[in-house]
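Engineer: model the structure of this input:
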Amino acid sequence: SPGYGGGANWNGGAFDPETGEVLGEVQLAALLEQVLAREQYETNVATRPGSRERVEFAIKLPGAGGEHSVVWLPIDAKFPLEDYERLQQAQDAADPLAVEVAAKALEARIKFEAKSIVEKYVEPPATTDFALLYLPLEGLFAEVLRRPGLLDTLQREFRVTICGPTTLTALLNSLQMGFRTLAIEKRSSEVWMVLGAVKTEFSRFGEILERVKNQLDTAST
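Structural biologist: So this is what the prediction gives:
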(Lines give C-alpha, C1' and ligand atoms only; values in the text may rest on other atoms or scores of the structure.)
Protein backbone atom coordinates (compact mmCIF):
# COMPACT_ATOMS: atom_id res chain seq x y z
CA SER A 1 0.00 0.00 0.00
CA PRO A 2 2.86 2.51 -0.26
CA GLY A 3 1.88 5.87 -1.72
CA TYR A 4 -1.82 5.64 -0.88
CA GLY A 5 -1.54 8.25 1.87
CA GLY A 6 0.84 10.53 -0.02
CA GLY A 7 0.82 13.21 -2.67
CA ALA A 8 -0.34 10.90 -5.46
CA ASN A 9 -3.90 11.32 -4.23
CA TRP A 10 -3.91 15.12 -4.17
CA ASN A 11 -6.22 16.90 -6.57
CA GLY A 12 -5.79 20.67 -6.62
CA GLY A 13 -4.44 20.64 -3.05
CA ALA A 14 -7.13 18.34 -1.62
CA PHE A 15 -7.75 14.62 -1.60
CA ASP A 16 -10.27 13.31 -4.08
CA PRO A 17 -12.65 11.01 -2.12
CA GLU A 18 -13.74 9.20 -5.28
CA THR A 19 -10.13 8.34 -6.08
CA GLY A 20 -9.80 6.83 -2.62
CA GLU A 21 -12.92 4.72 -3.05
CA VAL A 22 -11.63 3.41 -6.39
CA LEU A 23 -8.24 2.56 -4.87
CA GLY A 24 -9.96 0.64 -2.10
CA GLU A 25 -12.16 -1.28 -4.53
CA VAL A 26 -9.21 -2.13 -6.79
CA GLN A 27 -7.18 -3.43 -3.86
CA LEU A 28 -10.14 -5.41 -2.52
CA ALA A 29 -10.73 -6.96 -5.94
CA ALA A 30 -7.04 -7.98 -6.11
CA LEU A 31 -7.18 -9.64 -2.68
CA LEU A 32 -10.33 -11.59 -3.52
CA GLU A 33 -8.88 -12.72 -6.83
CA GLN A 34 -5.64 -13.77 -5.16
CA VAL A 35 -7.21 -15.91 -2.42
CA LEU A 36 -10.60 -17.14 -3.65
CA ALA A 37 -11.72 -18.92 -6.79
CA ARG A 38 -13.78 -16.73 -9.10
CA GLU A 39 -16.94 -18.77 -8.55
CA GLN A 40 -16.70 -18.21 -4.78
CA TYR A 41 -17.62 -14.52 -4.95
CA GLU A 42 -19.55 -12.08 -7.14
CA THR A 43 -19.31 -8.40 -7.99
CA ASN A 44 -22.05 -5.76 -8.02
CA VAL A 45 -24.54 -7.90 -6.08
CA ALA A 46 -28.01 -6.96 -4.83
CA THR A 47 -27.71 -8.95 -1.61
CA ARG A 48 -31.07 -7.85 -0.16
CA PRO A 49 -34.06 -9.39 -1.99
CA GLY A 50 -35.97 -6.75 -3.93
CA SER A 51 -33.39 -4.02 -3.27
CA ARG A 52 -31.73 -1.90 -5.93
CA GLU A 53 -28.68 -1.32 -3.75
CA ARG A 54 -25.67 -3.28 -4.97
CA VAL A 55 -22.55 -4.02 -2.97
CA GLU A 56 -19.25 -4.07 -4.83
CA PHE A 57 -18.33 -7.60 -3.68
CA ALA A 58 -20.09 -10.47 -1.90
CA ILE A 59 -18.73 -13.90 -0.99
CA LYS A 60 -20.90 -16.94 -1.71
CA LEU A 61 -21.44 -19.06 1.38
CA PRO A 62 -23.36 -22.36 1.26
CA GLY A 63 -26.94 -22.03 2.48
CA ALA A 64 -29.15 -24.53 4.24
CA GLY A 65 -31.50 -24.94 1.29
CA GLY A 66 -29.46 -27.43 -0.69
CA GLU A 67 -26.52 -27.58 -3.06
CA HIS A 68 -27.43 -24.42 -5.00
CA SER A 69 -28.53 -22.36 -2.00
CA VAL A 70 -26.35 -19.26 -1.39
CA VAL A 71 -25.93 -16.93 1.57
CA TRP A 72 -24.13 -13.68 0.70
CA LEU A 73 -21.38 -12.12 2.83
CA PRO A 74 -21.23 -8.45 1.74
CA ILE A 75 -17.85 -6.67 1.58
CA ASP A 76 -17.59 -2.93 0.91
CA ALA A 77 -14.36 -0.94 0.58
CA LYS A 78 -14.19 2.51 2.16
CA PHE A 79 -11.32 4.98 2.17
CA PRO A 80 -12.07 8.19 4.14
CA LEU A 81 -9.09 10.04 2.72
CA GLU A 82 -9.90 13.53 3.98
CA ASP A 83 -10.48 12.42 7.57
CA TYR A 84 -7.36 10.28 7.59
CA GLU A 85 -5.25 13.08 6.08
CA ARG A 86 -6.43 15.57 8.71
CA LEU A 87 -5.48 13.11 11.44
CA GLN A 88 -2.03 12.56 9.93
CA GLN A 89 -1.43 16.32 9.66
CA ALA A 90 -2.45 16.83 13.29
CA GLN A 91 -0.12 14.03 14.39
CA ASP A 92 2.76 15.48 12.35
CA ALA A 93 2.15 18.87 13.99
CA ALA A 94 2.16 17.24 17.45
CA ASP A 95 -1.11 19.01 18.28
CA PRO A 96 -3.01 16.81 20.80
CA LEU A 97 -6.24 18.81 20.56
CA ALA A 98 -6.26 18.67 16.76
CA VAL A 99 -5.42 14.96 16.89
CA GLU A 100 -8.43 14.24 19.12
CA VAL A 101 -10.77 16.34 16.94
CA ALA A 102 -9.56 14.61 13.77
CA ALA A 103 -9.76 11.16 15.40
CA LYS A 104 -13.36 11.79 16.50
CA ALA A 105 -14.24 12.91 12.96
CA LEU A 106 -12.71 9.71 11.56
CA GLU A 107 -14.62 7.65 14.12
CA ALA A 108 -17.90 9.35 13.17
CA ARG A 109 -17.22 8.72 9.48
CA ILE A 110 -16.50 5.02 10.06
CA LYS A 111 -19.72 4.66 12.08
CA PHE A 112 -21.68 6.38 9.31
CA GLU A 113 -20.24 4.06 6.66
CA ALA A 114 -20.90 0.96 8.81
CA LYS A 115 -24.54 2.00 9.37
CA SER A 116 -24.97 2.60 5.64
CA ILE A 117 -23.49 -0.80 4.75
CA VAL A 118 -25.73 -2.78 7.09
CA GLU A 119 -28.86 -0.90 6.01
CA LYS A 120 -28.14 -1.38 2.31
CA TYR A 121 -26.70 -4.88 2.11
CA VAL A 122 -27.53 -7.02 5.19
CA GLU A 123 -30.76 -9.02 5.39
CA PRO A 124 -30.62 -12.54 6.86
CA PRO A 125 -31.25 -15.26 5.79
CA ALA A 126 -30.40 -14.04 2.29
CA THR A 127 -27.15 -12.68 3.77
CA THR A 128 -25.03 -13.26 6.81
CA ASP A 129 -26.09 -11.20 9.84
CA PHE A 130 -22.98 -9.05 9.46
CA ALA A 131 -20.93 -7.38 6.73
CA LEU A 132 -17.25 -6.54 6.21
CA LEU A 133 -15.94 -2.99 5.86
CA TYR A 134 -12.55 -3.01 4.15
CA LEU A 135 -9.98 -0.26 4.82
CA PRO A 136 -7.13 -0.46 2.27
CA LEU A 137 -4.40 1.03 4.50
CA GLU A 138 -2.91 -0.69 7.52
CA GLY A 139 -2.30 2.74 9.06
CA LEU A 140 -5.95 3.69 8.68
CA PHE A 141 -7.02 0.33 10.09
CA ALA A 142 -4.67 0.89 13.06
CA GLU A 143 -6.23 4.30 13.76
CA VAL A 144 -9.69 2.72 13.87
CA LEU A 145 -8.46 0.04 16.27
CA ARG A 146 -6.88 2.74 18.44
CA ARG A 147 -10.23 4.42 19.18
CA PRO A 148 -11.49 3.07 22.54
CA GLY A 149 -14.50 0.79 22.15
CA LEU A 150 -15.01 1.59 18.44
CA LEU A 151 -14.41 -1.94 17.14
CA ASP A 152 -16.80 -3.41 19.69
CA THR A 153 -19.45 -0.78 18.89
CA LEU A 154 -19.22 -1.48 15.17
CA GLN A 155 -19.67 -5.22 15.72
CA ARG A 156 -22.36 -5.01 18.40
CA GLU A 157 -24.52 -2.08 17.20
CA PHE A 158 -23.90 -2.05 13.44
CA ARG A 159 -23.00 -5.72 12.84
CA VAL A 160 -20.00 -4.67 10.78
CA THR A 161 -16.49 -6.08 11.06
CA ILE A 162 -13.58 -3.83 10.08
CA CYS A 163 -10.74 -5.38 8.08
CA GLY A 164 -7.39 -4.09 6.91
CA PRO A 165 -5.35 -5.77 4.17
CA THR A 166 -3.68 -8.28 6.52
CA THR A 167 -6.79 -9.19 8.51
CA LEU A 168 -8.92 -9.57 5.38
CA THR A 169 -6.31 -11.84 3.80
CA ALA A 170 -6.33 -14.01 6.93
CA LEU A 171 -10.14 -14.11 6.92
CA LEU A 172 -10.29 -15.03 3.23
CA ASN A 173 -7.74 -17.80 3.76
CA SER A 174 -9.86 -19.17 6.60
CA LEU A 175 -12.93 -19.12 4.37
CA GLN A 176 -11.00 -20.84 1.60
CA MET A 177 -10.02 -23.64 4.00
CA GLY A 178 -13.68 -23.95 4.93
CA PHE A 179 -14.65 -24.23 1.28
CA ARG A 180 -12.05 -26.95 0.76
CA THR A 181 -13.32 -28.85 3.80
CA LEU A 182 -16.87 -28.69 2.44
CA ALA A 183 -15.62 -29.94 -0.93
CA ILE A 184 -13.80 -32.83 0.74
CA GLU A 185 -16.90 -33.71 2.76
CA LYS A 186 -19.00 -33.61 -0.39
CA ARG A 187 -16.57 -35.88 -2.21
CA SER A 188 -16.46 -38.19 0.84
CA SER A 189 -20.24 -38.57 0.75
CA GLU A 190 -20.01 -39.41 -2.95
CA VAL A 191 -17.36 -42.04 -2.20
CA TRP A 192 -19.59 -43.59 0.47
CA MET A 193 -22.47 -43.68 -2.02
CA VAL A 194 -20.25 -45.50 -4.51
CA LEU A 195 -19.05 -47.92 -1.85
CA GLY A 196 -22.65 -48.51 -0.81
CA ALA A 197 -23.58 -49.29 -4.40
CA VAL A 198 -20.60 -51.65 -4.72
CA LYS A 199 -21.64 -53.41 -1.51
CA THR A 200 -25.16 -53.81 -2.89
CA GLU A 201 -23.81 -55.20 -6.16
CA PHE A 202 -21.55 -57.65 -4.31
CA SER A 203 -24.54 -58.80 -2.30
CA ARG A 204 -26.48 -59.43 -5.50
CA PHE A 205 -23.46 -61.17 -7.01
CA GLY A 206 -23.33 -63.44 -3.96
CA GLU A 207 -27.01 -64.32 -4.40
CA ILE A 208 -26.38 -65.17 -8.05
CA LEU A 209 -23.42 -67.40 -7.13
CA GLU A 210 -25.56 -69.15 -4.52
CA ARG A 211 -28.26 -69.86 -7.11
CA VAL A 212 -25.64 -71.18 -9.59
CA LYS A 213 -24.19 -73.44 -6.89
CA ASN A 214 -27.65 -74.83 -6.12
CA GLN A 215 -28.24 -75.46 -9.82
CA LEU A 216 -24.86 -77.22 -10.15
CA ASP A 217 -25.62 -79.35 -7.12
CA THR A 218 -28.98 -80.31 -8.63
CA ALA A 219 -27.31 -81.15 -11.94
CA SER A 220 -24.67 -83.27 -10.20
CA THR A 221 -27.34 -85.19 -8.31
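Engineer: which residues of the protein fall in helices?
Structural biologist: 17-35, 81-92, 96-121, 138-146, 150-157, 165-220 (DSSP state H).
Engineer: now do the fourth one: distance to the chain's middle.
Structural biologist: Think helix 138-146. 20 Å (CA atoms, centre = their mean, to the nearest Å).
Engineer: which other helices and strands does it contact?
Structural biologist: Under the contact criterion of 3 or more CB pairs under 8 Å, 6 or more residues apart in numbering; DSSP states H and E, helix 138-146 touches helix 81-92, helix 96-121, helix 150-157, strand 160-163, helix 165-220. Using the backbone N, CA and C atoms, a C-beta is placed for each residue, glycine as well.
Engineer: most neighbours per residue, which of these?
Structural biologist: Of all these, strand 160-163 has the most neighbours on average by mean count of other CB atoms under 10 Å, namely a mean of 22.
Engineer: so what touches that one?
Structural biologist: 110, 114, 117-118, 130-135, 141, 144-145, 151, 154-155, 171 (CB atoms under 8 Å, 6 or more residues apart in numbering).
Engineer: what about 10 Å?
Structural biologist: Residues from elsewhere that reach strand 160-163 (CB atoms under 10 Å, 6 or more residues apart in numbering): 28, 31, 74-78, 110-111, 113-118, 121-122, 130-136, 140-141, 144-145, 150-151, 153-155, 167-172.
Engineer: adjacent strands (with direction) for that strand?
Structural biologist: strand 131-134 (parallel) (DSSP bridges).
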